[in-house]
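[1] what's the 3D shape of this:
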Amino acid sequence: MNVRAVWAGGGVLWRPAPAGTGEPEIAVIHRPRYDDWTLPKGKTERRETVIASAVREIAEETGYSAVLGRFLRQVSYPVNGTKRKIVRYWAARMTGGDFVPNKEVDDLVWTSPGAAKKLLTYSLDRAVVNDFLAKPAGLHTLLLVRHAKAGRRARYSGPDPARPLERYGRLQAEALADLLPLFGAERLHAADRARCVQTLEPLAHALGGKKIQIEPTLTEEAYSRDPAAAQRRMVELATKQKSVHVVCSQGKAIAPLMQWWSQHDGFTLPPNRNRKGSFWVLSVDADGRVVVADHVDDPLPDFG
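    Next up is the predicted model:
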């Protein structure tokens, strides 16, 4: 029997600690159909990424908007004997809204993580909460993007720094404009190459005409000449935590930069192919040190 995969996205929806306490509160929902207490999650729709489904489903089930942070885990379980549901969870900081009981969710409680684990019906949900508790809740996000797909160098007669995105690359750039705001993207930076700037232009437009700051130290050639300058610039951006910064660079700069950073700050690099259009979600502590690095291989929908 063929078992069909059903993809879903969800999160640990959290808000800062109430006055006088040291831990955040997380939201646990009650579903009358199943009479269970669980974390918000839901199926990915056609032509939707799992990342986008996580934010949408959190909003639909809880009434709260959220900004995603670090990836927590992927879980799976059988459904009706013919399907296997695969759910990816992120830490999701509440940014606004109010809960209104609805057909799917008739109750929501904000509670401490310890109390939430006692309330949750399923052991898989408790494991997700444990992953959330493994790192500080209030980590800052820095987004590092490899530029989208450009036309082949051999087919472009102009200077390489001016080589533009091709059609598929423009689709990737549009997809990034949809996804990166889900992680709170605000300030934009691009290596001094047309393809890096063009990768962020749809995002700049989506954010209301944001300026893209050019970063001369972050091209491949500049990194090869002076890697320390690029490393210093990225660490500087990691410490600027009033806004979520997005940096677009090139593959031969990003790969060695991430290798250096993982050794410098002591975090583990997950497997990645460093594909064009892919991006890193870097979770940074208050001292500017990267604690967790998550990799998104492609901004375009790949499930559903």
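[2] where along the stretch 151-300 of the chain do the strands fall?
    For the stretch 151-300 of the chain, the strands defined by DSSP state E, counting those that start in this stretch occupy 185-191, 212-215, 244-249, 279-284, 290-296.
[3] Residue 266 is nearest to which of these?
    Each of the strands of the stretch 151-300 of the chain has some distance to residue 266 by C-beta to C-beta; the shortest is strand 290-296, at 8.8 Å. Any C-beta I mention is one placed from the backbone N, CA and C, and that applies to glycine too.
[4] List the buried residues of the closest one.
    Buried positions in strand 290-296, judged by neighbour count with 16 or more other C-beta atoms under 10 Å: 290-296.
[5] cool, stretch 143-162 as well?
    Across stretch 143-162, burial judged by 16+ other C-beta under 10 Å covers 143-150.
[6] Can you give me the end-to-end span of that stretch?
    Taking C-alpha to C-alpha, to the nearest Å, stretch 143-162 runs 24 Å from one end to the other.
[7] what does the average pLDDT come to for it?
    Confidence over stretch 143-162 (mean pLDDT, whole number) is 88.
[8] quick one: the helix or strand containing residue 7 to chain centroid distance?
    Assigned by DSSP states H and E, residue 7 belongs to strand 4-15. Here strand 4-15 is found 13 Å from its chain centre; the criterion is C-alpha atoms, centre = their mean, to the nearest Å.
[9] try stretch 54-74
    Centroid separation between stretch 54-74 and its chain, computed with C-alpha atoms, centre = their mean, is 11 Å.
[10] gap between the two ends of it?
    First-to-last residue span, stretch 54-74, C-alpha to C-alpha: 12 Å.
[11] ok, now stretch 144-160?
    22 Å.
[12] Contacts for it, please.
    163-166, 168-170, 172-173, 176, 180, 191, 193, 195-196, 198-200, 234, 246-251, 254, 257-258, 274-280, 282 (C-beta atoms under 8 Å, 6 or more residues apart in numbering).
[13] Of these, keep whichever come out buried.
    Using 16+ other C-beta under 10 Å as the burial test, those include 163, 165-166, 169-170, 172-173, 176, 180, 191, 193, 195-196, 198-200, 234, 246-250, 254, 257-258, 275-280, 282 as buried.
[14] Narrow those to those in helices?
    169-170, 172-173, 176, 195-196, 198-200, 234, 254, 257-258 (DSSP state H).
[15] before we move on, the earlier item: could you export the strand holding residue 7 as CSV, CA atoms only?
    C-alpha atoms of strand 4-15 as CSV (Å, rounded to 0.1, in the frame of the first residue of the first chain):
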residue,chain,number,x,y,z
ARG,A,4,0.8,9.5,0.9
ALA,A,5,2.6,12.2,2.8
VAL,A,6,0.5,15.1,4.1
TRP,A,7,2.7,18.1,5.0
ALA,A,8,1.8,20.6,7.7
GLY,A,9,3.3,23.6,9.5
GLY,A,10,2.9,24.7,13.1
GLY,A,11,4.7,26.3,15.9
VAL,A,12,5.2,27.0,19.6
LEU,A,13,3.4,30.3,19.8
TRP,A,14,5.0,32.3,22.6
ARG,A,15,5.0,35.7,24.2
